[in-house]
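1. coords please:
(chains A and B)
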2 protein chains.
Amino acid sequence: MMTSPDSTGTVPVTALTGLSAFPLTPLKDGQLDQTAFIGLVQRLVAAGVDSITVLGSTGSYMYLDRAERERVIRLAVQHAAGIPVLAGVGAMRTEHVLAHIDDARAAGAAGVLLAPVGYQRLDDDEVFELFRAATGRSELPVVVYDNPSTTHFTFSNQLYGRIAQLPGIISIKIPGVPADPEKARAHVAAIRAVLPEHVGIGVSGDAFGAAGLIAGCDTWFTAVGGTIPVPMLGITRAVQAGEPAKAQALSEDLQPLWELIGQCGSLRVSAAIAERQGLAAPDCLPLPVQGLKPDQRAQLALMLDRLGLASL
Amino acid sequence: MMTSPDSTGTVPVTALTGLSAFPLTPLKDGQLDQTAFIGLVQRLVAAGVDSITVLGSTGSYMYLDRAERERVIRLAVQHAAGIPVLAGVGAMRTEHVLAHIDDARAAGAAGVLLAPVGYQRLDDDEVFELFRAATGRSELPVVVYDNPSTTHFTFSNQLYGRIAQLPGIISIKIPGVPADPEKARAHVAAIRAVLPEHVGIGVSGDAFGAAGLIAGCDTWFTAVGGTIPVPMLGITRAVQAGEPAKAQALSEDLQPLWELIGQCGSLRVSAAIAERQGLAAPDCLPLPVQGLKPDQRAQLALMLDRLGLASL
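-> Got it, this is the predicted structure:
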């Protein structure tokens, strides 16, 4: 794997640990809001996140065209102050995925994130071949993005293991862990058992962040932490410092936030937070996706005040 | 609604009845195979289908870029010999849907077909606003495309009725009917009850074609009939002639075909038929979607021979 610095971008990562924050790609009147996007990236830099993943589900990648995606990666790399920038490259067609990988590489991304997005239902062999094509396209490391709620594809541990053998795979982003700590640990261990040693595991589903890290995941891929990184970093650093009880307590403090995300989804909640805090213009999501409804926004505002997140 | 002839295309339809056939968009070495596509359209013209719907799920619309889609519509209109050509215009982002409608109109389509494709889960209000934007974009009639197996969105009859009030909606394409004839009739009647009189109902899911038409649907939107139209026309014409028992018997003769479609999906089966009959080059589907596996192709070949479909 290439590890020498790329003069035009961030250095390809060889492993992912800690917090990877997923910023929104805010729109303004239906166009990419570059100023707001740069502001979000700068917030993540100031907070000290370990990596920035643009064009994740939270970054609306499936709604953006090739030129918009390329612009987002370039802006992120320019403003990331050397923090590794990973970029989502998913698309319906393999050929388009490969074009996005070319663009990510040219724009200086440190790695890519790939979900098996489907319109037609894909089988394991089709998904494996997609990852084979993606890993063969460049030396950029690839994160396997398992997001069944949006892709409607279900990975087995067996398929994780098969894909993880491909050169260039560095991490598997799993959709969550069981609530019970023992079961969570067993879940992560069972995945770990099928992966080569150099391939890490990252947890997503923000409510599962603390539990996932405590259960042994290497990384927390956080959606809402792309907009409010400080509390998510607090949880992450507590686990890294060997203080799981503190991390668990910090996460429990955010229970009302996890509940709202459970109801409305992390994208809509993140966008509403950004809009309320002036980090994005109103209606920053790509239609047909609409933001929270007025009653949900009122609930969010109360909750942010009560949790002391409104000033972050 | 505009009904005057358009010198550059087919005449916008005011109602859809009979058989609407969905041709594949075959690729060759990953590029649009124009010769094969024209051949498929000419087969449908020769068979005498009532309309041709390009860029449906069978036409791989979600895998094609804007230029490819525009080319497909133009080719179809040029070779349709005046048979109305409808075009799928679905996309993740409303703005892209509207661009596809502009292209369909400029290319001479007689109507468009729109599915609420989602990456983020959409709610009823979001889907309604999508159809409001689409119907407001042009005078082209719009077919509501309910395809839950690919969109993962579930329409209620209440939402059908709400959308059907929008000017320009001419038909609801439903994903199937119950197997029991009485239940099928009640199902179609319940949908009919929420629709304005000018809005029709079309059945899809090829195994349900005969049952849907017998139960009172106006149209059969057929996937595999885009490749082998003659038997599907036979079924359609029998129902139209008041011979439901004959239509039912013709459909039952095709039971092995319906079973293979149930196992492998209509897109993969249609593509394998086209490839075997020399109507498309090998591997005509857009990757990551692969064609049938060798044992499924062998099963298909036997079945086509046994049913007498190999010479069609």
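2. residue ranges of the helices in chain A, please?
-> Counting by DSSP state H, one finds helices in chain A at the ranges A:34-47, A:66-79, A:94-106, A:124-137, A:148-151, A:157-164, A:181-192, A:209-214, A:229-240, A:244-253, A:255-264, A:266-276, A:294-307.
3. Quick one: those helices as a markdown table, columns for mean neighbour count too.
-> Just so you know, the C-beta spots here come from the backbone N, C-alpha and C atoms, and that holds for glycine as well. As requested, the helices of chain A are arranged in a markdown table below (neighbours: other CB atoms under 10 Å in any protein chain shown):
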| stretch | mean neighbour count |
| --- | --- |
| helix A:34-47 | 19 |
| helix A:66-79 | 20 |
| helix A:94-106 | 21 |
| helix A:124-137 | 19 |
| helix A:148-151 | 17 |
| helix A:157-164 | 18 |
| helix A:181-192 | 16 |
| helix A:209-214 | 27 |
| helix A:229-240 | 21 |
| helix A:244-253 | 16 |
| helix A:255-264 | 17 |
| helix A:266-276 | 25 |
| helix A:294-307 | 14 |
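4. Now mean pLDDT and distance to B:E129 too, for these, in TSV please.
-> TSV is the format used below for the helices of chain A (pLDDT from 0 to 100; distance: least, CB to CB, whole Å):
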stretch	mean pLDDT	distance to B:E129
helix A:34-47	98	23
helix A:66-79	98	22
helix A:94-106	98	27
helix A:124-137	98	33
helix A:148-151	94	20
helix A:157-164	98	37
helix A:181-192	98	39
helix A:209-214	98	33
helix A:229-240	97	32
helix A:244-253	97	36
helix A:255-264	95	17
helix A:266-276	97	15
helix A:294-307	94	16
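5. want to try a markdown table for these, with distance to chain B as columns?
-> What follows is the helices of chain A, written out as a markdown table (distance: least, CB to the nearest CB, whole Å):
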| stretch | distance to chain B |
| --- | --- |
| helix A:34-47 | 17 |
| helix A:66-79 | 9 |
| helix A:94-106 | 4 |
| helix A:124-137 | 4 |
| helix A:148-151 | 5 |
| helix A:157-164 | 13 |
| helix A:181-192 | 23 |
| helix A:209-214 | 20 |
| helix A:229-240 | 21 |
| helix A:244-253 | 24 |
| helix A:255-264 | 10 |
| helix A:266-276 | 6 |
| helix A:294-307 | 12 |
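6. So which of the ones you listed is nearest B:S138?
-> Across the helices of chain A, the minimum distance to B:S138, taken as CB to CB, is reached by helix A:66-79, at 24.8 Å.
7. tilt between that closest one and helix A:94-106?
-> Angle, helix A:66-79 to helix A:94-106, by axes from the mean of the first three to the mean of the last three CA atoms, to 10 degrees: 30 degrees.
8. returning to that earlier point: the helices of chain A into a markdown table, with extra columns for distance to B:V54?
-> Compiled in a markdown table, these are given as follows (distance: least, CB to CB, whole Å):
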| stretch | distance to B:V54 |
| --- | --- |
| helix A:34-47 | 37 |
| helix A:66-79 | 24 |
| helix A:94-106 | 20 |
| helix A:124-137 | 24 |
| helix A:148-151 | 26 |
| helix A:157-164 | 34 |
| helix A:181-192 | 43 |
| helix A:209-214 | 45 |
| helix A:229-240 | 47 |
| helix A:244-253 | 51 |
| helix A:255-264 | 37 |
| helix A:266-276 | 32 |
| helix A:294-307 | 40 |
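9. Please report how far the residue lying closest to A:D125 once chain neighbours are set aside lies from A:Y119.
-> For A:D125, the nearest residue in space outside its immediate sequence neighbours is B:Q290; the separation is 7.1 Å by CB to CB, 6 or more residues apart in numbering or on different chains. Spatial separation of B:Q290 from A:Y119 under the definition CB to CB, to the nearest Å is 14 Å.
10. Which one's more surrounded, those two?
-> When neighbours are counted by other CB atoms under 10 Å in any protein chain shown, B:Q290 and A:Y119 differ, and A:Y119 comes out ahead with 23 against 17.
11. Report the contact partners of the closest residue to the more buried one other than its chain neighbours.
-> By the measure of CB to CB, 6+ apart, the closest residue to A:Y119 outside its immediate chain neighbours is B:M62, 4.0 Å from it. For B:M62, the set of contacting residues under the criterion of CB atoms under 8 Å, 6 or more residues apart in numbering or on different chains consists of A:92, A:119, B:90-91, B:117, B:150.
12. Mind exporting the C-alpha coordinates of stretch A:75-94 to CSV?
-> This file holds the C-alpha atoms of stretch A:75-94, laid out as CSV (Å, rounded to 0.1, in the frame of the first residue of the first chain):
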residue,chain,number,x,y,z
LEU,A,75,-12.7,21.2,-0.6
ALA,A,76,-12.4,18.7,2.2
VAL,A,77,-8.8,17.9,1.5
GLN,A,78,-7.9,21.6,1.1
HIS,A,79,-9.4,22.4,4.5
ALA,A,80,-8.6,19.2,6.5
ALA,A,81,-5.2,20.5,7.7
GLY,A,82,-3.7,17.1,7.0
ILE,A,83,-6.3,15.0,8.8
PRO,A,84,-7.0,12.0,6.5
VAL,A,85,-10.1,12.5,4.3
LEU,A,86,-11.9,9.5,3.1
ALA,A,87,-14.6,9.7,0.5
GLY,A,88,-17.7,7.7,-0.3
VAL,A,89,-17.6,6.4,-3.9
GLY,A,90,-20.8,4.2,-4.0
ALA,A,91,-23.0,4.2,-7.1
MET,A,92,-25.4,1.8,-8.7
ARG,A,93,-23.1,0.9,-11.6
THR,A,94,-19.5,-0.5,-11.1
